[in-house]
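> just the structure for this:
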Amino acid sequence: HLNCITLQNETQRNNQRIDSRDYTLINEFINSVVKYNYKCVILHNNLDNEFIDKYSNDNVSFSRCYPKDEYNLYINKWLCIDRHLQKFGSQYDKVMISDLTDVVLLKEGLFDYIEDQNIYCGSETSTLANEWIKKFSLDLQLRSFQVGSWYKGNTSKTLLNAGLLAGTVPIVTNLVNEIC
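Predicted structure coming up:
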């Protein structure tokens, strides 16, 4: 299981930075990982060493990533995940990538349900014209004429929430690489 927390200004939290010592945002997630005996790697760019020492255990480990200043939090999340999978993907058979602050694991054995040729994605569906995309992806649209043009021509297409993404490592790695 991979998660990514980058300590950049987060547009969903009024451009606030996540405090590198604040456990409350990820407490429920980490407790669910331990409760159901999953292994989780949390990718981060600047967590406090005391925090890492305190919350590392047999189930939860931390790995430093290096986001690029020119990209926002959401783009950097995928870049960090892509680099991690390229480097360590061979150590896993199946992987689940999720957000940390609004995801809780509800039972054990989730990887038993993952079929080899399928990719699993969060279930919140809407179109590309949703308010979140309009509000938080404007910088991406403006940076790239190609992306902006593509976006404008595809606003009626279905958008799945990639706050949860799971599958076999090759399939997930290929998809993450395409996102990047």
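> going by C-alpha atoms from here, please, whenever you check contacts or count neighbours.
OK.
> which residue sits farthest out from the middle of the chain?
Farthest-out residue of the chain from its mean C-alpha position, per C-alpha atoms, centre = their mean: Gly153, at 26.2 Å.
> for Tyr74, see how far away that residue is.
Remark: distance between Gly153 and Tyr74 (C-alpha to C-alpha, to the nearest Å) = 22 Å.
> now for the strand or helix carrying Arg83, which elements pack on it?
Using DSSP states H and E, Arg83 sits in helix 73-88. Judged by 3 or more C-alpha pairs under 8 Å, 6 or more residues apart in numbering; DSSP states H and E, the packing partners of helix 73-88 are strand 2-5, helix 169-179.
> low-confidence stretches in the protein?
1-22, 124, 136-148, 162 (pLDDT under 70).
> helices or strands up against the helix or strand harbouring Glu28?
Per DSSP H and E: Glu28 is located in helix 27-35. Helix 27-35 is packed against strand 60-64, with contacts defined by 3+ C-alpha pairs under 8 Å, 6+ apart.
> let's see 7 Å
Taking 3 or more C-alpha pairs under 7 Å, 6 or more residues apart in numbering; DSSP states H and E as contact, there are no helices or strands that helix 27-35 lies on.
> what residues sit buried inside it?
Buried residues in helix 27-35, counted by 16 or more other C-alpha atoms under 10 Å: 28-30, 32-34.
> quick check, nearest of those residues to Leu164?
The shortest approach to Leu164 among these belongs to Phe29, at 12.8 Å (C-alpha to C-alpha).
> related to what we said a few turns ago, now the helices and strands packed on helix 73-88 as JSON lines including distance to Tyr92?
JSON lines is the format used below for these (distance: least, C-alpha to C-alpha, whole Å):
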{"stretch": "strand 2-5", "distance to Tyr92": "11"}
{"stretch": "helix 169-179", "distance to Tyr92": "7"}
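> tell me the most buried of those?
Greatest average neighbour count among the helices and strands packed on helix 73-88 goes to strand 2-5 (a mean of 24), per mean count of other C-alpha atoms under 10 Å.
> burial measure for Leu106, as a count.
As a burial measure, Leu106 scores 12 neighbours (other C-alpha atoms under 10 Å).
> how much space separates it from Ser32?
As judged by C-alpha to C-alpha, Leu106 and Ser32 stand 7 Å apart.
> now Leu79
Taking C-alpha to C-alpha, one finds Leu79 at 26 Å from Ser32.
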